[in-house]
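Asks: Dropping the sequence and predicted coords here.
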Amino acid sequence: VSEELFDPGSHLAVDECMIRYTGRSLDTAFIRNKPIPLGFKIWVVAQSGFFIHWLWHVKDSPYGIAAIPKKKGRKKNTKVTPAPVTDDKMIPLNNTQAVVVVLCNMLPQGRYHVFVDNLFSSADLFRSLHAHGYGATGTARVNCGIYKDLKEDKKKDINGKCGYSFNEVRAVPTADNKVLVS
């Protein structure tokens, strides 16, 4: 119904949300330092404050975090592969990152750019989204193995001395000294 009421634009956000619930349930989650620390956790793709699609987070579900069926005997924290890549290789994603791809694939056909926070951000996720035809932007922690110049810029930015101009774009070349533009 949300999809029928709201025609999403091209820029979307994917994040986790909490629905306050203080009763008894095995499906509640507790996340420290959140405005609503206890309740039901959902994964959401949204725009302008409107939830377009969401998935319930169910701990220890046989269907995984994003309703992706788990293989029998699979251990926790193993990688799932929701996105094919060229040369018949698959991009391994953990369950949390796979949520982003699953939510984007639930959207109507279109060109989308997805914004995520550091819970989801990884090079593998961005490759997977690119393989599905989506653009992506994300935040990163300084200890996540990001490009060393960006790590230094991020530390400077915390102190307010980054040196970037408003609307300035900087490209980071890949190992083969090329820049991917899509």
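Replies: In hand now; what should we look at?

Asks: residue contacts, the spatially most central residue of the chain?
Replies: Centroid check for the chain by Cα atoms, centre = their mean gives residue 120 as the closest residue, at 3.9 Å. By Cβ atoms under 8 Å, 6 or more residues apart in numbering, the contact set of residue 120 is 14, 96, 97, 99, 100, 138. Just so you know, the C-beta spots here come from the backbone N, C-alpha and C atoms, and that holds for glycine as well.

Asks: how about the helices of the chain, start to end?
Replies: 2-5, 95-105, 123-131, 148-158 (DSSP state H).

Asks: related to what we said a few turns ago, specify which member of the contacts of residue 120 is nearest to residue 112.
Replies: residue 14 (10.2 Å; Cβ to Cβ).

Asks: Measure how buried residue 121 is and give me the count.
Replies: 19 (other Cβ atoms under 10 Å).

Asks: Does it touch residue 139 like I think?
Replies: Yes - judged on Cβ atoms under 8 Å, residue 121 makes contact with residue 139 at a distance of 6.1 Å.

Asks: Need phi/psi at the residue nearest to the centre of the chain.
Replies: phi -100, psi -30 (degrees, to the nearest 10).

Asks: could we number from 864 for the rest of this?
Replies: Noted, 864 is the first residue going forward, which turns the last one into residue 983.

Asks: can you give me the strands in the chain?
Replies: Using DSSP state E, the strands of the chain run over 874-883, 891-893, 901-910, 913-919, 943-948, 952-956, 976-979, 998-1001.

Asks: Could you export the ones you listed to JSON lines, including columns for distance to residue 1025 and mean neighbour count?
Replies: Conversion of the strands of the chain to JSON lines gives the following (distance: least, Cβ to Cβ, whole Å; neighbours: other Cβ atoms under 10 Å):
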{"stretch": "strand 874-883", "distance to residue 1025": "23", "mean neighbour count": "16"}
{"stretch": "strand 891-893", "distance to residue 1025": "35", "mean neighbour count": "15"}
{"stretch": "strand 901-910", "distance to residue 1025": "28", "mean neighbour count": "19"}
{"stretch": "strand 913-919", "distance to residue 1025": "32", "mean neighbour count": "16"}
{"stretch": "strand 943-948", "distance to residue 1025": "33", "mean neighbour count": "18"}
{"stretch": "strand 952-956", "distance to residue 1025": "30", "mean neighbour count": "18"}
{"stretch": "strand 976-979", "distance to residue 1025": "20", "mean neighbour count": "19"}
{"stretch": "strand 998-1001", "distance to residue 1025": "17", "mean neighbour count": "16"}
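
Asks: Alright, I will stop here.
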